[in-house]
Every structure is written in C-alpha cells, then in structure tokens.
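Participant: This is the structure alone, sequence omitted:
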C-alpha cells in the first residue's frame, strides 16, 4: 500500500491495482468496477484521487457516443501499474522472509 506523506492516508493498494488491471483488460471503468465489486462512482473517485496524488493522468477517458466510451491506461499509468506490481512482489518476498525468521526465532524459545 502506498501512503500520502502529508495526509498519511493510503492512495493506492491492491484494490487500485486490481481496478487498473480490470480497466486495462476491459477498456472500461464501469466494467472493471463491476468485476472488482466496486460502484462506478467509487472507482471513478479512486482513480481521480490517485491521479491527483501522482500529479499526472493514469487513465485516458473517452466519453460515450455512437461508438461508445471507455477508459485506457496512459503510458504513465502502465508504468505505474508495472512498478507497483514489482514493488508488491518485492514486499511479498520480504514478508515471507520475515515470517521465516520469526518462526525460526520462535522455535528457539523454550516452551
């Protein structure tokens, strides 16, 4: 989870990443929100909050019309998604290593 230094509130976590993956896969905030079990409004507001924090767009939104609308990751959005997923993998490995160390130390403590 990434936290805003000023507000100390999270601005991106696994839910945002799942939503972004869904947008990338389906080309739609609405469809991605549905798949994630979110409301469209929550998904839209979340993406706006992340973009505000990062200071640049992560989505390109296309208004509906005869050909329909959609949403697509910007090049920056794709880099952010990739970097966050690598960060998450690194944190998962670090957590697993920490757990193993904890279990080893725990086993050294007499009952």
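Facilitator: Cool, got the structure. No experiment lies behind these values; they were computed from the predicted model shown.
Participant: Contacts only, for the spatially most central residue of the chain.
Facilitator: Centroid-nearest residue in the chain: residue 17, 2.4 Å away (criterion: CA atoms, centre = their mean). Remark: with contacts taken as CB atoms under 8 Å, 6 or more residues apart in numbering, residue 17 is in contact with 81, 84, 85, 88. Using the backbone N, CA and C atoms, a C-beta is placed for each residue, glycine as well.
Participant: And for residue 98?
Facilitator: Residue 98 neighbours (CB under 8 Å, 6+ apart): none.
Participant: part of a helix, is it?
Facilitator: Yes - counting by DSSP: H, G, I helix; E, B strand; the rest coil, residue 98 is part of a helix.
Participant: Tell me who's in contact with the closest residue to residue 63 other than its chain neighbours.
Facilitator: In space, and not counting its chain neighbours, residue 63 is closest to residue 69: 5.2 Å by CB to CB, 6 or more residues apart in numbering. Contacts for residue 69 (CB under 8 Å, 6+ apart) come out as 28, 61, 62, 63.
Participant: quick revisit: now that we have the contacts of residue 17, which of them are buried?
Facilitator: 81, 84 (16 or more other CB atoms under 10 Å).
Participant: Export the contacts of residue 17 as CSV, with columns for secondary structure.
Facilitator: Below are those laid out as CSV (three-state DSSP):
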residue, secondary structure
81, helix
84, helix
85, helix
88, helix
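Participant: hmm, back to that, may I see the PyMOL selection of the buried members of the contacts of residue 69?
Facilitator: For the buried members of the contacts of residue 69, the matching PyMOL selection, counting by 16+ other CB under 10 Å, is:
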select buried, resi 28
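Participant: What about the contacts of residue 69, which are in strands?
Facilitator: Within the contacts of residue 69, residues falling in strands by DSSP state E are 61, 62.
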